[in-house]
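**Q** no sequence on this one, just coordinates:
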């Protein structure tokens, strides 16, 4: 697996890079054939925040995108926590795919990349503004596949083309914890 490491407002040592690569290479045991991992370290400069190190990891492979973001007091703890969360997410994905295959259905697999959330505005901004725009192909899928992709990305919603109606739809997490679906008229 190719691991790309970047940073902002912090320096990533060679030791941390080696540790990151070795920890992420172990994720292959959950879903073989992972192609790429993008790791981004950032240091929060707000003195009131105790966990200053932020670690964001996005792993791609076999049409699946899994993303996590953690904060910790130091970058070594951050990568440990991120790897732990990713292992849990991949275990969940592997279980769902295995269960889906055992029910006589095909496995959930997407060939095109899925959207990854954009950057959020800084806390100091008084007015919300669009800071990032993305375009992506929306392939038809069932609502269950869209819910799985939403969970893997760690988002509150997911835009997709409903395979049953061939129209745009959104699945989202409701305040009560259930899933809602909005279909275009």
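**A** It's in. Just so it is clear, the structure is predicted and the values come from calculations on it, not from any experiment.
**Q** so how far is residue 11 from the spatially closest residue to residue 9 that is not a sequence neighbour?
**A** Distances taken as Cβ to Cβ, 6 or more residues apart in numbering put residue 43 closest to residue 9, at 4.6 Å, once the chain neighbours are dropped. Heads up, the C-betas are built off the backbone N, CA and C, glycines and all. According to Cβ to Cβ, to the nearest Å, residue 43 stands 9 Å off from residue 11.
**Q** same thing with residue 96?
**A** In terms of Cβ to Cβ, residue 96 sits 39 Å off from residue 11.
**Q** again with residue 178
**A** When Cβ to Cβ is the yardstick, residue 178 and residue 11 sit 44 Å from each other.
**Q** one more: residue 47?
**A** 20 Å.
**Q** what about the residue nearest the centre of the chain, which SS state?
**A** Centroid-nearest residue in the chain: residue 67, 1.9 Å away (criterion: Cα atoms, centre = their mean). Classification of residue 67 using DSSP: H, G, I helix; E, B strand; the rest coil returns strand.
**Q** who's in contact with the nearest residue to it once chain neighbours are set aside?
**A** Distance criterion Cβ to Cβ, 6+ apart; nearest residue to residue 67, sequence neighbours excluded, is residue 58 at 4.6 Å. Contact analysis of residue 58 by Cβ atoms under 8 Å, 6 or more residues apart in numbering lists 37-38, 65-67, 116.
**Q** make TSV out of those residues and add pLDDT and distance to residue 153.
**A** Output for those, formatted as TSV (pLDDT from 0 to 100; distance: Cβ to Cβ, whole Å):
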residue	pLDDT	distance to residue 153
37	94	15
38	95	14
65	85	6
66	90	7
67	92	5
116	44	7
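**Q** ok so residue 5 is a strand residue?
**A** Yes: counting by three-state DSSP, one finds residue 5 located in a strand.
**Q** begin at 767, not 1, for the rest of this chat.
**A** Sure thing, new numbering starts at 767, so read that last one as residue 771.
**Q** how many neighbours does it have?
**A** The number of residues packed near residue 771 is 17, by other Cβ atoms under 10 Å.
**Q** thought it was touching residue 780?
**A** No: at 10.5 Å, residue 771 and residue 780 do not qualify as touching, with contact defined as Cβ atoms under 8 Å.
**Q** wait, residue 789 sits on residue 846?
**A** Yes: counting by Cβ under 8 Å, residue 789 touches residue 846, with 7.5 Å between them.
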